[in-house]
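> All I have is the shape, not the residue letters:
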């Protein structure tokens, strides 16, 4: 999401760009060892700089955290991963930088109270549905149980900090289907449709999510699924940016597939 | 009909030693299928049944199937499994073993070649590159080399 | 002349130990007159063989090599006694649990070493006379549920006096909360109330409610138990149960008897059939406004009553503390906090309170319940979010409740979601069939979720039998929570000095053959304190526990183990023995140590710590034990470890590891001690001097003995280092029973470390020998 530089300033976070590449998630079904090697390589990049990793994608967060977790417990697997990394003259020695999804970072490191204090444009009139997706807090074992895997709260709290209302709705914890988009577009769309249909009945101002894969399903595919774009879909930082008083253009809202004009009118 | 000759214990041993032994604890309670977001749309995907067929060692039946590719990896079943079976890990194992046997769905081949040839699942085209500059975002490596090389080594 | 008898145990031993080869080797040992092998040594022909050999060959000592002494030591002692030998001239060598079951390779060689050590031990044994003392014939029963009630009545009927201590203000326990019982549909209060009344009327039983055990001292036949009694606030002798107090009481709180579904006042009658049959004050919530005092026509209320501690003297204790339900908080996917998602125990109360009036109402909006879904195994068989075990009673009670519901409300749609139906009791299968015939639907499949939707509660499951998903909308969801040990059992168990199992219920002395005795003599358990049990099983347990207590106390005299410290002269009155005794069982009287034989459990701390060597523990001399060690370690090439294990916990853990067929290195050879407090520096240094390369000492974790031993090991390690031997050669490992599965890895890890150190050199061994003033 391009809603980044303005926030960093407002929240006092310094982001450093590293030459990261694919986390390995898409490769897992084909070759788990190589997928882990990819994750390990990314971990080593951050560790070399002594930096934590912030991810915008839930699957990236999960893949990296799970790699740390698995490779610290399974010696055999570590050996196989290092055999692969040998091709790049690299060796993973258990580097374990902190890996934080951006939402978790905002929740744990910045804190809901501080965010509330920084809000310049309270979004009090907005009723939004939050979508956690799957990989943000699962598997809870690898994540050390930082969130309730059944009924998480952190994203609701982050949304509430902007002044918006986070509505409870059936299917809140549904999977977007994105993981199946490549294998079966039909099944993936049908999965995404479940939530979109429910939300269009519910009539919310926006769906707020924290994973680009979910965004593909709910934003890019929305008009295909519902016949038209009805529900604006915001990445959380876009919503936060609005609340922090940033200009819509700076938040990349013009790049959203479903038009957000109605929502902006309500907010501005 | 399952003929006893169909049962392949070597496959089970490999699954256990290289991937996952948690599936041995499965007692077929069905909480995975009950929690699965895919099965209600695509009934051929039934994680509980896949666990059972795997346990029985029905190697070629399972590995040549389409359904092992239909898990969306939502991980909810793993969270709820009372016996600690890491069902998604088993799915990954079955898929990896299927790949070894040459059962590779076309979309998976495509993913591999995207990563092996261009280093990205979503290539940075000119439009994106320009957008990034316009919006004050730093340049990124168009084709990360390590991704290309690691993905290039996947036998497919 | 020594006789050695080796058991094949029907293949259990001979499967890995070549018994004939062992016999041929040990037959050659000096003093061995007879060595024989039998397929079942503990069978009648086996025992006859031993007796016959004793008589014909004039044996003076007997060594049996078979299962764990915890199984059959008593059998063999009795046998040699019958043949005219003193019962303590027996050595019981464990070549099953700690040899054939845990080793594949090398079991035969290890068996030989173990038996040789046994032969050496046999040589040093002296005949001992049993001790007899007077005992207190009163019994304490802890917990006033159906198990405690039954045990109390049974004991009283046998002529013993009973203190029945209950934490709540009334006895009755869980059974009092139930509607009817399975599978006969007897009305639970109707069959329980007469028993409660009998308890109240029985002059041999004193019921002490609002009370909990504070501390326990003494031993079998003579326990002193301090009981903390919280005030009741109402004199049961005066209370008329008129209820005027409650009607004026301004405080309302959720009623625990009603599982929080209804309210009660701060002064209340626990339930109509309560015993003592009297109101009580809940001082946690009472504001002492005094309204009840005013209202009471009998002057029974006393707001100033205070808590006090009473000391009881009893000869035996029965623990019948029952169960609690697991907190369902972690099963978030079932929305346990929703008002229409209730527990099965709450439904028992609804059946009692509402069903008789022909309806069951939704808690959320008062609407009529037309459909009910049971979710079995809520927290059971789910080690990740609950407990690993099956709670045993849920399948039958879910069927019972659904039959009751169907009887009153035939239109109700009832769904029972199960993982496996377990209906193995007598009459249960017919009960299951009846439920099906009455139209109760059984869905084979654990639900994934109970969703709260605007239309109501939605349950999704896979119906495994059809392989189809089933989505159901119901008015009421009944969760069947796992049964867990009653809150506070862990604390009570540590006060009583009895270990718990892996599941945190009380560990039985033997799961099959002594299922209601705890590991401490004189303390028994009954009912759900031992694991999930139904009423029938709890009652059987209670009768058995009462019978065991009677066996101990009935005659008023108690036979005690003769393994108690004996004063042999030379005391200078330093008082170390008094200081170290964990049980206050030794005193100085007229400048000499005097042992209270009942309280003393023979741990040997006073013996090992006496600087004047003025006490000894019969048949456990340092010299004798060292001779055992010598035999254990002789003839081995590789580094070898001697284990000193306390009998009660560590040795039992090693047996359990054997029963579970776990395996570990043959390099360890375990010596069973009454407790490791018996160890002193001479034994530890001596073991290393005589050929051991490492000594592993295991003792019950968190006990005073463990502290004593840990300190000793620390000291002797220092001495070792000074003598140029690695301190690591002594290793102390506190044990507790639930982690017996880890014992093999503890052993293997230590053996690995000792292997890395290699063998102790001969020069070092002779330095050690000098260090303790012994010659080779």
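That came in fine, so what should we check first? None of the values given here were measured: they were computed from a predicted structure.
> For the residue in chain B that chain A sits nearest to, give me the pLDDT.
Closest to chain A within chain B is residue B:144: 3.1 Å, counting by Cβ to the nearest Cβ. Using the backbone N, CA and C atoms, a C-beta is placed for each residue, glycine as well. Residue B:144 carries a pLDDT score of 95 in this model.
> Ok, residue C:384 next?
On pLDDT, residue C:384 comes in at 89.
> How about the one 5 residues further on?
Here the pLDDT value assigned to residue C:389 is 98.
> What is the neighbour count of it?
Each residue near residue C:389 was counted by other Cβ atoms under 10 Å in any protein chain shown, and the total is 19.
> do the same with residue B:74
When counting by other Cβ under 10 Å, one arrives at 26 neighbours for residue B:74.
> ok, it - contacts?
Going by Cβ atoms under 8 Å, 6 or more residues apart in numbering or on different chains, residue B:74 touches A:134, A:138, A:175, A:179, B:36, B:37.
> Skipping its backbone neighbours, what lies nearest the first one in space?
The reference is to residue A:134. Taking Cβ to Cβ, 6 or more residues apart in numbering or on different chains, and ignoring the residues beside it in sequence, residue A:134 has residue B:74 as its nearest neighbour in space, at 4.2 Å.
> ok, back up a step: now the closest residue to the residue of chain B closest to chain A other than its chain neighbours: phi and psi?
Of all residues beyond its chain neighbours, the one nearest residue B:144 is residue A:21 (3.1 Å), with distances taken as Cβ to Cβ, 6+ apart. Taking degrees, to the nearest 10, you get phi -130, psi -170 for the backbone angles of residue A:21.
> thinking again about what came up before, measure the residue nearest to residue A:134 to chain C for me?
Distance of residue B:74 to chain C, given as Cβ to the nearest Cβ, to the nearest Å: 12 Å.
> now that residue, what's its secondary structure?
Using DSSP: H, G, I helix; E, B strand; the rest coil, the three-state assignment for residue B:74 comes out as coil.
> Among the contacts of residue B:74, which ones are in strands?
With strands identified by DSSP state E, none of the entries of the contacts of residue B:74 belong to them.
> Would you tell me which one of the residues you listed comes nearest to chain C?
Comparing these against chain C with Cβ to the nearest Cβ picks out residue B:36 as the nearest, at 7.6 Å.
> how would you label the closest residue to residue C:650 other than its chain neighbours: helix, strand or coil?
Nearest residue to residue C:650 in three dimensions, chain neighbours excluded: residue C:698, at 3.5 Å (Cβ to Cβ, 6+ apart). Three-state secondary structure (criterion: three-state DSSP) places residue C:698 in strand.
> ok, how many other residues are close to residue C:698?
27.
> What is the neighbour count of residue A:228?
Neighbouring residues of residue A:228 were enumerated by other Cβ under 10 Å; the total is 10.
> next helix or strand past the strand or helix carrying residue A:41?
Here residue A:41, judged by DSSP states H and E, is contained in helix A:32-49. Read in the C-terminal direction, the helix or strand following helix A:32-49 is strand A:53-55, with elements assigned using DSSP H and E.
> and after that next one, which helix or strand comes next?
Per DSSP H and E, the first helix or strand lying C-terminal to strand A:53-55 is helix A:58-73.
> What pLDDT is listed against residue A:4?
With respect to pLDDT, residue A:4 scores 53.
> can you list the residues of the stretch 1-150 of chain A near chain C?
A:148, A:150 (Cβ under 8 Å from any Cβ of the partner chain).
> And the residue of the stretch 1-150 of chain A that's closest to chain B?
residue A:21 (3.1 Å).
> ok, back up a step: now the contacts of residue B:74 in TSV, please, with extra columns for neighbour count.
Converted to TSV, these look like this (neighbours: other Cβ atoms under 10 Å in any protein chain shown):
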residue	neighbour count
A:134	28
A:138	24
A:175	26
A:179	27
B:36	28
B:37	24
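> hmm, which helix or strand of chain C has the shakiest average pLDDT?
Lowest by mean pLDDT, DSSP states H and E among the helices and strands of chain C is strand C:557-560, with a mean of 86.
> Give me the next element, helix or strand, following that one.
strand C:566-567.
> just to revisit the earlier point, going by neighbour count, list what's buried in the helix holding residue A:41.
Applying a neighbour-count criterion of 16 or more other Cβ atoms under 10 Å in any protein chain shown, the buried positions in helix A:32-49 are A:32-47.
> which among those gets closest to residue C:149?
residue A:32 (59.1 Å; Cβ to Cβ).
> thinking again about what came up before, what's around the residue of the stretch 1-150 of chain A closest to chain B, how many residues?
Residues contacting residue A:21 under the criterion other Cβ under 10 Å number 23.
> Is any residue of stretch A:195-205 near chain C?
No: under the criterion of Cβ under 8 Å from any Cβ, chain C is not reached by stretch A:195-205; the shortest gap measures 9.9 Å.
> got the contact list for that stretch?
Under the criterion Cβ under 8 Å, 6+ apart, external residues in contact with stretch A:195-205 comprise A:125-129, A:131, A:164, A:167, A:169-171, A:174, A:176, A:207, A:218, A:222, A:225-226, A:230-232, A:262-263, A:266.
> Same question for it: list its buried residues.
Taking 16+ other Cβ under 10 Å as the neighbour-count basis, stretch A:195-205 is seen to contain the buried residues A:195, A:196, A:198, A:199, A:204, A:205.
> in the stretch 101-250 of chain A, which spans are helices?
Using DSSP state H, counting those that start in this stretch, the helices found in the stretch 101-250 of chain A span residues A:102-105, A:112-118, A:140-143, A:154-161, A:185-202, A:212-215, A:222-226, A:236-244.
> For residue C:481, find the nearest of these.
Comparing these against residue C:481 with Cβ to Cβ, the closest turns out to be helix A:140-143 (21.7 Å).
> contacts for that closest one?
Contacting residues not belonging to helix A:140-143 are listed as A:62, A:65, A:66, A:69, A:70, A:137, A:147, A:149, B:79 [Cβ under 8 Å, 6+ apart].
> Could you chop chain B up by domain?
When chain B is parsed into structural domains using automatic domain parsing, the resulting residue ranges are B:4-101, B:106-152.
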